[in-house]
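Q: sequence first, predicted coordinates after that:
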Amino acid sequence: MKKNLFYIILVLTTFSILSSCRKMEMGTPTASAVADFSMEFQNQSYAPCDVVFTNLSLNASTYLWDFGNGQTSTEANPTMHYDTAGVYTVTLTITPLNELHYNSLVKTVVINIKDPNAGLTQVLYFTSRGATFGNAHMVILTDGVPLVQDFEATDMERPYGIAADPAHSKVYVTDYSIGAIYRFDADGKNPLKILDINVPGQEIVGDPEGIFVLGDKIYWGRTGGIYRANLDGSSAEVFINTGTTMPEFPLDMQYDSVSGKIYLVNDKTDYSGGYFSVNLDGSGLTNIIPDIDGTAMEIDFATGKTYLAVYAVAGSAVTENGIYMCNIDGSALAKIGDFGSKATWGMAIDKQRAKLFWAYKISNSGKDGKIVRANLDGSGQEDWVTGVSPHAMQAVWIKL
């Protein structure tokens with residue numbers, strides 16, 4: 001019995017010694033390399049957008065990114081810009097610190113850059129003036145022949161401003177003559193007069209012309225500056241009070257969401273004229289091109305170009321009637337087209353086809369005018385829509 005106990009103790013001792021030796025010989029295993037990353041989408045992943053890639057890889061010495069759009073990078077934490085919508089395969093390949101058979105050197109992820117215009121229709125909206133009434137109209141922008149569709153009739157007489165609200169599928173039209181602002185559905189139906197100078201408490205609408213939509217507000221120009229109200233016309237108020245100092249009457253306006261500036265042309269017939277910019281808080285008022293008699297304006301913020309319909313004014317930068325193009329800062333001003341014998345109140349850009357539209361009027365209210373379409377440099381001019389009296393206009397993607 002004692003002999004057997006001795007052998008048992010000897011075996012256990014030997015096993016313990018051998019196990020201890022193995023542990024000492026193996027040591028701590030070398031860590032494997034693992035490719036990994038996370039992503040953060042800007043602009044809610046709608047094109048154009050940036051994607052910020054954060055590297056989470058372990059034990060890597062170098063990195064090679066393939067973003068699926070023909071672009072690559074060797075940065076640890078790159079940012080990639082995607083101009084167009086689509087499905088892209090992003091691959092990160094790493095070089096390991098140690099060659100181990102259980103390394104994981106590649107990570108692949110499929111990302112979806114969404115189309116911001118999915119489910120939307122590109123439309124040119126414009127207003128017109130008749131002998132006894134005015135109206136708004138729409139043309140669905142295609143590569144085919146333009147077809148003008150009328151809005152539901154109202155009591156408008158001289159609708160000189162129009163602004164679409166794609167976020168809510170609405171269109172706003174100002175009428176200078178009757179002192180009112182109408183709201184329509186995007187298809188031109190269900191007109192509603194949301195502000196009326198003849199309604200007590202709504203006198204602030206005044207003589208509205210230029211208009212734009214920003215967030216949950218509409219902003220319009222009239223004598224005395226820029227005014228605003230909620231989208232239903234409530235809580236109307238003075239936004240930027242200019243009074244009798246320029247710009248006294250903004251005829252056309254456009255807002256730049258990047259710089260936070262409002263750009264406008266000021267009436268010259270009764271006031272001081274000029275092409276201006278002003279910060280959204282009312283500060284930084286800048287007279288970019290003094291004294292000019294601009295009636296319509298359109299800005300392509302992507303290319304940095306401003307388009308102006310301007311009457312000649314002696315001593316100003318414009319001494320010949322016409323359609324002009326310049327840089328946003330007013331430099332490189334040059335004439336690129338002509339307008340009719342009456343004022344042009346509308347201009348718009350079809351960015352899909354790189355085309356510029358402007359109104360060409362012969363008489364104030366006769367259907368003897370047209371909408372001219374041209375390349376963005378003024379070349380290739382054509383009579384796109386004829387037999388109309390066009391005024392304000394805007395091209396936009398919207399859900400009909």
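A: Cool, got the structure. Numbers count the residues shown, from 1 in each chain.
Q: quick one: strands adjacent to the helix or strand hosting F212?
A: Secondary-structure assignment from DSSP states H and E places F212 in strand 211-214. If you go by DSSP bridges, strand 211-214 pairs up with strand 217-222 (antiparallel).
Q: just checking, next helix/strand downstream of the strand it pairs with?
A: Following strand 217-222 toward the C-terminus (DSSP H and E): strand 225-230.
Q: who's in contact with that next one?
A: By C-beta atoms under 8 Å, 6 or more residues apart in numbering, the surrounding residues in contact with strand 225-230 are 194-195, 204-206, 208, 216-221, 235-243, 247-248, 250, 253, 262, 264. All C-beta spots, glycine's among them, are computed from the backbone N, C-alpha and C.
Q: surely T223 meets P250?
A: No - T223 lies out of contact with P250 (C-beta atoms under 8 Å); the separation is 9.5 Å.
Q: show me which of these two is the more surrounded one.
A: P250 (31 against 17; other C-beta atoms under 10 Å).
Q: ok, and the closest non-adjacent residue to the more buried one?
A: Spatial nearest neighbour of P250, chain neighbours left out: G221 (2.9 Å); criterion: C-beta to C-beta, 6 or more residues apart in numbering.
Q: what's that neighbour in contact with, if anything?
A: G221 touches G161, P208, E209, G210, I211, Y227, F249, P250, L251, D252, M253, L264, counting by C-beta under 8 Å, 6+ apart.
Q: in the residues you listed, find the pair that's most separated.
A: Y227 and D252 (14.9 Å; C-beta to C-beta).
Q: neighbour count winner among those two?
A: Taking neighbours as other C-beta under 10 Å, Y227 and D252 compare with D252 leading, 27 against 24.
Q: how about the secondary structure of the more buried one?
A: strand (DSSP: H, G, I helix; E, B strand; the rest coil).
Q: now it: how far from N279?
A: The gap separating D252 from N279 is 18 Å, by C-beta to C-beta, to the nearest Å.
Q: cool, and T269?
A: 27 Å.
Q: drop anything exposed from the contacts of strand 225-230.
A: Neighbour counting by 16 or more other C-beta atoms under 10 Å classes 194-195, 204-206, 208, 218-221, 236, 239-240, 242, 247-248, 250, 253, 262, 264 among the contacts of strand 225-230 as buried.
Q: give the pairing partners of the top strand by length along the chain; include direction for each.
A: Counting residues, the longest strand found in the chain (DSSP state E) is strand 86-96. Strand pairing for strand 86-96, determined by DSSP bridges: strand 60-66 (antiparallel), strand 106-113 (antiparallel).
Q: now, which of the contacts of strand 225-230 lie within helices?
A: Assigned to helices by DSSP state H, none of the contacts of strand 225-230 qualify.
Q: just to revisit the earlier point, which of the contacts of G221 lies closest to G346?
A: When these are compared against G346 (criterion: C-beta to C-beta), the nearest one is D252, at 8.4 Å.
Q: quick check: that closest one touching G210?
A: Yes - contact criterion C-beta under 8 Å: D252 and G210 qualify, at 4.2 Å.
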